[in-house]
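**Student:** for reference, the sequence and a predicted model appear below.
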Amino acid sequence: MKINQILAISLQSLKSNRLRTFLTILGVVVGIFSIIVIMTILSMLQNSIDEGLSSLSKNTFQIQKHDNVFGGGPQMRDRNRKDITIEEGERLRDMLTQAKYVGVEQWQFGIVVKYGNKETNPNISVAGVNTDAMKTNDWNVEEGRDFRESDITHSANVCLIFHPIAEKLFPNSNPIGKEIRVDGRAMRVIGLIEPQTALFGQSRDNYVIVPITTWQSMYGKYGRSVNLTVMSQSKEDYNQVIEAATGYMRTIRKVAPGEPNDFYIFSNESMIEQTDQITGPIKLIALAISLIALIAAGVGIMNIMLVSVTERTREIGIRKALGARKLWILIQFLFEAIILCLLGGILGIIIGVSIGNFAGSLLNAQTAIPWDWVFIGLTMCVAVGVIFGTYPAYKASNLDPIEALRYE
């Protein structure tokens, strides 16, 4: 027999028992769905994180007081660390000659910006920066001018704003040169910054940028640690610059030999490592759940195929009497088991990707399809079909044609 004939007979057999076929593949659907939906959500989050890494410019890393990348707050072991100061940032800038830029920045969140009778929602962030921080954050002035060293030195009441703020406060006019109130402080707008890529679907344009000395005069110099952003000259010397910056910061902050760092290096690699630490166990749990479900589904498929062999004993006897070989019978029943698994797998993948993207959209993550896990899922389906379909197929192929013809 040709493969297409065996396939046609297998499909016809499954079609003639639709309810049983549906109930059989349901277990496979659950198994594949459980892994695909989780992997879809994780892929969406991973894509958003990868895109969000552009918040640090290329070949850039950040030095901060605490390890709180995922919003968990300072760890108990480092809660008493000293603040990183502007002076330490300036010393690092002088010492780290290997670096292209060493930026210094501080943040205040949830403030209101006003112009006349117009005002923003209380969701604006104010960043205090030096001139290098503009480069390390990849903030480029689209209109107007950038900060000058004199703005930093003299704590100038000037600021840079992003498009959403400009559109809110100046819908029909140019904001350059206008005076706005940033958290009650009068500031002159000197520049408009190019739009930024969204992170998790959230805008990263709700910022007002001011000189860091001006920021400290507004919110206080002490009790507020600064973040240092460092850009290497190239990708090739990136790791060397991180090592050099670590050594210099230990010297600047007088960390004794053998003692752990009292600061945290945040880089693209560290972000990926922390993401893997969180998603790795989740993937293993999802894989374990799907394997359990697929094993249960495989047992169900074996049971149904054995029932099918019993019901079709006479049919098998007739085919053998007409010259059908054992191999043809075995392949036919094996095909039926594999088709059952593949149908369940395809349905589980479609449902898993759909629900996964819907759930991910609630987190404002980008749409994604985990193609690697789709392939793994389909491979698992074929494997389950082969493993649990082999015995029923072997039993069918070894039926004695005379005894099969006598079967009622």
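**Tutor:** Received, thanks. All of these numbers come straight from a predicted model, not from anything done at the bench. Numbering: from 1, shown residues only.
**Student:** for Val307, give its distance to Val28.
**Tutor:** Distance, Val307 to Val28, by C-beta to C-beta, to the nearest Å: 17 Å. Any C-beta I mention is one placed from the backbone N, CA and C, and that applies to glycine too.
**Student:** same drill for the two, tell me which one is more crowded.
**Tutor:** Per other C-beta atoms under 10 Å, whichever of Val307 and Val28 has more neighbours is Val28, with 31 against 13.
**Student:** how much space separates the closest residue to that one other than its chain neighbours from Ser354?
**Tutor:** With C-beta to C-beta, 6 or more residues apart in numbering as the criterion, Val28 has its nearest non-adjacent residue at 2.7 Å, and that residue is Gly344. Distance from Gly344 to Ser354, counting by C-beta to C-beta: 16 Å.
**Student:** compare the two (neighbour count), which wins?
**Tutor:** Gly344 (28 against 14).
**Student:** pLDDT value on the more buried one, please?
**Tutor:** On pLDDT, Gly344 comes in at 85.
**Student:** which stretch of helix or strand covers it?
**Tutor:** helix 326-362 (DSSP states H and E).
**Student:** any buried residues in that helix, and which?
**Tutor:** 328-349, 351-353, 356-357, 360 (16 or more other C-beta atoms under 10 Å).
**Student:** check which helices and strands it is in contact with.
**Tutor:** If you count contacts as 3 or more C-beta pairs under 8 Å, 6 or more residues apart in numbering; DSSP states H and E, helix 326-362 packs onto helix 3-16, helix 18-52, helix 268-311, helix 313-321, helix 371-397.
**Student:** next one: it to chain centre, how far?
**Tutor:** Here helix 326-362 is found 26 Å from its chain centre; the criterion is C-alpha atoms, centre = their mean, to the nearest Å.
**Student:** what of stretch 20-36?
**Tutor:** With C-alpha atoms, centre = their mean, you get 27 Å for stretch 20-36.
**Student:** what about that stretch, average pLDDT?
**Tutor:** Rounded mean pLDDT across stretch 20-36 is 81.
**Student:** now it: buried residues?
**Tutor:** For stretch 20-36, by 16+ other C-beta under 10 Å, it's 21, 24-25, 27-36.
**Student:** ok, so of those, who is nearest Trp139?
**Tutor:** Trp139 lies nearest to Ile36 out of those, by C-beta to C-beta, at 39.0 Å.
**Student:** residues contacting that closest one?
**Tutor:** Gly348, Ile349, Gly352, Val353, Gly356, Pro370, Trp373, Val374, Gly377 (C-beta atoms under 8 Å, 6 or more residues apart in numbering).
**Student:** save those residues as a markdown table, and put in distance to Arg319 too.
**Tutor:** As requested, the contacts of Ile36 are exported to a markdown table (distance: C-beta to C-beta, whole Å):
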| residue | distance to Arg319 |
| --- | --- |
| Gly348 | 33 |
| Ile349 | 34 |
| Gly352 | 38 |
| Val353 | 40 |
| Gly356 | 44 |
| Pro370 | 42 |
| Trp373 | 39 |
| Val374 | 36 |
| Gly377 | 34 |
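**Student:** which strands or helices does the longest strand seen in the chain pack on?
**Tutor:** Across the chain, the longest stretch assigned as strand under DSSP state E is strand 99-111. Strand 99-111 makes packing contacts with helix 86-95, strand 124-129, helix 131-136, helix 212-219, strand 227-232, helix 238-252 when contacts are defined by 3+ C-beta pairs under 8 Å, 6+ apart.
**Student:** could I get the average pLDDT for it?
**Tutor:** 92.
**Student:** list the buried residues for it?
**Tutor:** Buried residues in strand 99-111 (16+ other C-beta under 10 Å): Ala99, Lys100, Tyr101, Val102, Gly103, Val104, Glu105, Gln106, Gln108, Ile111.
**Student:** now swap in stretch 168-178 and tell me
**Tutor:** So, applying 16+ other C-beta under 10 Å, buried residues of stretch 168-178: Lys168, Leu169, Phe170, Pro175, Ile176, Lys178.
**Student:** mind checking which of those land in strands?
**Tutor:** Per DSSP E, the buried residues of stretch 168-178 never map to strands.
**Student:** circling back to that earlier point, with respect to Ala297, which of the helices and strands packed on strand 99-111 lies nearest?
**Tutor:** So among these, helix 238-252 is nearest, using C-beta to C-beta, at 47.4 Å.
**Student:** could I get the CA-only coordinates of that closest one as CSV?
**Tutor:** What follows is helix 238-252, C-alpha atoms only, in CSV (Å, rounded to 0.1, in the frame of the first residue of the first chain):
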residue,chain,number,x,y,z
TYR,A,238,33.0,46.3,27.2
ASN,A,239,33.9,43.5,29.7
GLN,A,240,37.3,45.1,30.4
VAL,A,241,35.6,48.4,31.2
ILE,A,242,33.2,46.7,33.6
GLU,A,243,36.2,45.1,35.4
ALA,A,244,38.1,48.4,35.6
ALA,A,245,35.0,50.3,36.8
THR,A,246,34.5,47.6,39.5
GLY,A,247,38.1,48.0,40.7
TYR,A,248,38.0,51.8,40.7
MET,A,249,34.6,51.8,42.6
ARG,A,250,36.0,49.5,45.2
THR,A,251,39.0,51.9,45.6
ILE,A,252,36.8,55.0,45.7
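**Student:** can you name every helix or strand that that helix contacts?
**Tutor:** Using 3+ C-beta pairs under 8 Å, 6+ apart: helix 238-252 touches strand 60-64, helix 86-95, strand 99-111, strand 227-232, strand 264-266.
**Student:** what's it in contact with?
**Tutor:** So helix 238-252 is contacted by 59, 61, 63, 88, 91-92, 95-96, 98-99, 230, 232-233, 255, 261, 263, 265, 267 (C-beta under 8 Å, 6+ apart).
**Student:** give me the buried entries from those.
**Tutor:** For those, buried by 16+ other C-beta under 10 Å: 59, 61, 63, 88, 91-92, 95-96, 99, 230, 232, 255, 263, 265, 267.
**Student:** quick check: the farthest pair among those residues?
**Tutor:** Most distant of the buried ones among the contacts of helix 238-252, by C-beta to C-beta, are Asn59 and Val255, 25.2 Å apart.
**Student:** related to what we said a few turns ago, any chance of the contacts of Ile36 in TSV, plus pLDDT and distance to Cys159?
**Tutor:** Listed next are these as TSV, based on pLDDT from 0 to 100; distance: C-beta to C-beta, whole Å:
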residue	pLDDT	distance to Cys159
Gly348	88	53
Ile349	89	50
Gly352	87	47
Val353	88	45
Gly356	84	42
Pro370	85	43
Trp373	83	46
Val374	88	48
Gly377	85	52
